[in-house]
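*Asks:* with the input below, show me the fold.
(one chain, ligands or ions: 1)
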Amino acid sequence: MTEPAFQDQYPDDVSHCFGCGRLNDHGHQLKSRWDGDETVAWFRPEPYHTATPGFVYGGLIASLVDCHGTATAAAASHRAEGRPMGPDETLRFVTASLHVDFLRPTPLGGPLQVRGQVETLTARKAVVAVSVIADGTVCARGRVVAVRMPETMGATAGPAARIMEDAGS
Ligand SMILES: CCCCCCCCCCCC(=O)SCCNC(=O)CCNC(=O)[C@H](O)C(C)(C)COP(=O)(O)OP(=O)(O)OC[C@H]1O[C@@H](n2cnc3c(N)ncnc32)[C@H](O)[C@@H]1OP(=O)(O)O
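*Replies:* Okay, the predicted model is just below:
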């Protein structure tokens, strides 16, 4: 049986992310899982994710790197601490830094494989290298610095709670 995706084990209050939140009907709903010591996600860009005809928009690629990187950080942190992911106990990471090199045009039409590798991990910070691969060719490489989410970004923080309420969440 396939393991549940990291993002499907996030608590509801952090499941509205445009890139990976399962509660965001308008988002990408990226799903990341372990593949040995690396992580993997698959995403099929739609025709409206076009940069120039036939090629994928770089901002979309950056968002895949972003969300796969932060999800990898959360999963790696759980694995290192021996704590299973789950709705009641999730180590939350947000992006401090996102760097992407676009090595070659990324073809539109097929699925993209997004692979993550943890470079360094501490209790508060993870650095994750991410590759975006189309049909066996690495088209983009990224690096995400992910830091434990501050209380001020939680759903129970004042402004965030109001925004979610307004959105009917
Ligand atoms: C499972 C549920 C999922 C929950 C999450 C589910 C949603 C998925 C999120 C998707 C990804 C996003 O889009 S998140 C949205 C975009 N991101 C944000 O809005 C974050 C806004 N920024 C912040 O709140 C803050 O700057 C933080 C939390 C990132 C960092 O806070 P801070 O107070 O500056 O932290 P600080 O102690 O100085 O730094 C901690 C460590 O990180 C390093 N560091 C800090 N900033 C940077 C930086 N820009 N570039 C490099 N490294 C940095 C420091 O050197 C230090 O390393 P060392 O000395 O320890 O080695």
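
*Asks:* need the residues of the protein near the ligand, please.
*Replies:* 10, 14, 17, 19-20, 66-67, 70, 74, 90, 92-97, 124-125, 145, 147, 149-150 (C-beta under 6 Å from any ligand atom). Glycine gets a C-beta too; all of them are placed from N, C-alpha and C.

*Asks:* buried members of those into ChimeraX, please.
*Replies:* Here is the ChimeraX command that selects the buried residues among the residues of the chain next to the ligand (16 or more other C-beta atoms under 10 Å):
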select :10,14,17,19,20,66,67,70,74,90,92,93,94,95,145,147,149
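
*Asks:* take the residues of the chain next to the ligand and keep only those in strands.
*Replies:* Of the positions in the residues of the chain next to the ligand, 93-97, 125, 145, 147 sit in strands, assigned by DSSP state E.

*Asks:* can you put those in CSV and add pLDDT?
*Replies:* Shown next, in CSV, are those (pLDDT from 0 to 100):
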residue, pLDDT
93, 94
94, 96
95, 98
96, 98
97, 98
125, 98
145, 98
147, 97
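
*Asks:* just give the nearest non-adjacent residue to residue 57, would you?
*Replies:* residue 51 (4.4 Å; C-beta to C-beta, 6 or more residues apart in numbering).

*Asks:* and if you look at residue 111?
*Replies:* Going by C-beta to C-beta, 6+ apart, residue 111 has residue 44 as its nearest residue, at 4.6 Å.

*Asks:* now for that neighbour, how many residues are close by?
*Replies:* Residues contacting residue 44 under the criterion other C-beta atoms under 10 Å number 10.

*Asks:* residues of the helix ranked longest in the chain that come out buried?
*Replies:* Determined from DSSP state H, the single longest helix within the chain is helix 58-81. Across helix 58-81, burial judged by 16+ other C-beta under 10 Å covers 60-78.

*Asks:* what does stretch 125-145 give?
*Replies:* 126-134, 139-145.

*Asks:* first-to-last residue distance for that stretch?
*Replies:* From its first residue to its last, stretch 125-145 covers 7 Å (C-alpha to C-alpha, to the nearest Å).

*Asks:* between the buried residues of stretch 125-145, which is nearest the ligand?
*Replies:* The closest of these to the ligand turns out to be residue 145 (C-beta to the nearest ligand atom; 4.2 Å).
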